[in-house]
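Peer 1: Return atomic coordinates for the entry below.
(one chain, ligands or ions: 1)
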Amino acid sequence: MDKLLIEGGRPLAGELRVSGAKNAALPILCAALLSPEPLTLTNVPRLNDVRTMQTLLAQMGVRLDAGTRGTVALDARSIDWPLAPYELVKTMRASILALGPLLARCGEARVSLPGGCAIGLRPVDQHVKGLQAMGAEIDLEHGYINARATRLKGTRFGFDLVTVTGTENLLMAATLADGTTVLENAAREPEVVDLARCLTAMGARIDGAGTDRITIDGVAALHGATHAIMPDRIETGTFLAAVAATGGDALLTGTQAGTLDAVLDKLREAGATVDEAPASIRIRRRGALAAIHIRTAPYPAFPTDMQAQMMALATRAHGTTVITETIFENRMMHVQELVRLGAVIDVEGNAAIVKGVAKLTGATVMATDLRASACLVIAGLMAEGETTIDRIYHLDRGYEEIEEKLSALGARIRRIQ
Ligand code: UD1
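Peer 2: Take a look at the predicted model:
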């Protein structure tokens, strides 16, 4: 298993280009299932989760052609197997995103229930309830969701809680439904908006994406299109946090500052200087890190996917930081690893109380999930001496060429097998 070796204590400086967004690419790859005509995507990040989704689609009969520089052409002329098997779903929960499009296009779908996930229960009841409200017959058998519908029917559906992939699943399904669907308490995440943009380019009729009420007028068929995946706001935030944490100065290009307001505000509060342009962000920090308070919540509030990275930053702040996690019930597993590096953190319920220390010192730590891995990389870059991060396969699910990108900013980081 690969490990990362980091020699910390050096400020990051320079310029780097952010990749396409994993969480936009995954639903948009599934959107290809909705049309018999080709969908061409650009700015698709080369990540293990994206490869898993491509394998899943290929198994269903979708033809994929990967070109240069993140271009992927998908041709779902015929779908032979409307099935997402356990072997793939267990490695990537986002496989559930195939359910809505398969059902809408083929009239049937069989998708494995995602298994237990390290960061919480993460059930899919809202996806199922929404499709049932659209007239689908659904039963759960042998660990699979079996869904059937001759043609889905437009309906009004209010989510009991805000779910990103739940919103995306129903949004995709509704594009081919008979009549109008109104989704209330919908997720407002920029990735939902990017998906809606792609679906609109394919001929879907969608209004209100980016608000909590999305209206979709179903059409008989969608056509081919070309779509560029939006920049990854979590990758952007991760690099910004790393630069601020190490007292560096860097310019991130190919990003969208407007999707990161809550994160940029907290970085400024922590003592960084942040200059925004529409497609780039410069960050630098000279003075001390200040303690901040963070509470995760659905967009536009502070994203749960940036919580762990900001905790790394907080370990060396002046004073006490409180970080409250409201989305997932078990997303504090990085705490015990940060403590191994010398951080002082108490967990009380869903809150971490981080007492800033003068220094972190390198140690061997273990990555437990994707964003926890990013947190440990940042902490390793801050720590004196050498940090070894074990189980970095989590990192490869969601960060494209992270060692190369950090090395380009002057980090001493290498992968060992
Ligand atoms: C997506 C993101 C993930 C991010 C999360 C929250 C993708 C591929 N993944 O995950 O990176 O951390 O949003 O911003 O986009 N829930 C239910 N029932 C459901 C669905 C969700 O109870 O049917 C709960 C979950 O257990 C969780 C909360 O709702 O506590 C939010 O989950 P959700 O927004 O669905 O997360 P994902 O879409 O899986």
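Peer 1: all contacts plus neighbour counts: C-alpha atoms, from now on.
Peer 2: Fine.
Peer 1: my read: residue 358 touches residue 314, true?
Peer 2: No: using CA atoms under 8 Å, residue 358 makes no contact with residue 314, being 11.2 Å away.
Peer 1: Please say which of the two ends up with more neighbours.
Peer 2: Under the neighbour definition other CA atoms under 10 Å, residue 358 and residue 314 were set side by side, and residue 314 has more, 30 against 10.
Peer 1: and residue 91, how many neighbours does it have?
Peer 2: 16.
Peer 1: The ligand versus that one, what's the distance?
Peer 2: From residue 91 across to the ligand, the span is 12 Å (CA to the nearest ligand atom, to the nearest Å).
Peer 1: just residue 19 next, same as before
Peer 2: 16 Å.
Peer 1: likewise residue 184?
Peer 2: In this view, residue 184 and the ligand are 14 Å apart by CA to the nearest ligand atom.
Peer 1: What of residue 103?
Peer 2: As defined by CA to the nearest ligand atom, residue 103 lies at a distance of 17 Å from the ligand.
Peer 1: Spatially, and excluding backbone neighbours, which residue is closest to that residue.
Peer 2: Setting aside the residues directly before and after it, residue 103 is nearest to residue 109 in space (CA to CA, 6 or more residues apart in numbering), at 5.2 Å.
Peer 1: Okay, helices next: where are they in this protein?
Peer 2: 22-31, 48-60, 86-89, 99-106, 125-133, 164-175, 190-201, 233-246, 261-269, 307-314, 334-340, 370-382, 393-398, 402-408 (DSSP state H).
Peer 1: Now render the ones you listed as TSV, adding distance to residue 2.
Peer 2: Below are the helices of the chain laid out as TSV (distance: least, CA to CA, whole Å):
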stretch	distance to residue 2
helix 22-31	22
helix 48-60	14
helix 86-89	21
helix 99-106	33
helix 125-133	35
helix 164-175	30
helix 190-201	30
helix 233-246	21
helix 261-269	30
helix 307-314	21
helix 334-340	18
helix 370-382	13
helix 393-398	7
helix 402-408	12
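Peer 1: Nearest to residue 152, out of those helices?
Peer 2: Ranking the helices of the chain by proximity to residue 152 (CA to CA) places helix 99-106 first, at 6.4 Å.
Peer 1: and the angle for the closest one with helix 164-175?
Peer 2: For helix 99-106 against helix 164-175, the angle by axes from the mean of the first three to the mean of the last three CA atoms, to 10 degrees is 10 degrees.
Peer 1: what angle separates helix 99-106 from helix 48-60?
Peer 2: When the same axes, to 10 degrees is applied, the directions of helix 99-106 and helix 48-60 differ by 20 degrees.
Peer 1: packing partners for helix 99-106?
Peer 2: strand 108-112, helix 164-175 (3 or more CA pairs under 8 Å, 6 or more residues apart in numbering; DSSP states H and E).
Peer 1: wait, which of the ones you listed is closest to the ligand?
Peer 2: Ranking those by proximity to the ligand (CA to the nearest ligand atom) places helix 164-175 first, at 3.6 Å.
Peer 1: and that closest one with the ligand, contact?
Peer 2: Yes: remark: helix 164-175 sits within contact range of the ligand at 164-166, by CA under 6 Å from any ligand atom.
Peer 1: gap between that helix and the chain center?
Peer 2: From the chain centre to the centre of helix 164-175 is a distance of 16 Å (CA atoms, centre = their mean, to the nearest Å).
Peer 1: same question, stretch 297-309
Peer 2: Offset of stretch 297-309 from its chain centre (CA atoms, centre = their mean): 11 Å.
Peer 1: Other residues contacting it?
Peer 2: By CA atoms under 8 Å, 6 or more residues apart in numbering, the residues outside stretch 297-309 that reach it are 162, 187-189, 234, 237-238, 241-242, 261-263, 294-296, 323, 325-328, 332, 334, 371-372, 374-376, 378.
Peer 1: what stretches of this structure score poorly on pLDDT?
Peer 2: 115-122 (pLDDT under 70).
Peer 1: Alongside the ligand, which residues does it contribute?
Peer 2: 23, 94, 121-127, 162-166, 304-305, 327-328.
Peer 1: Can you tell me which of these are buried?
Peer 2: 23, 94, 122, 126-127, 162-166, 304-305, 327 (16 or more other CA atoms under 10 Å).
Peer 1: Name the residues that touch stretch 404-416?
Peer 2: Here stretch 404-416 has contacts from 2-8, 10-16, 250, 381, 403, using CA under 8 Å, 6+ apart.
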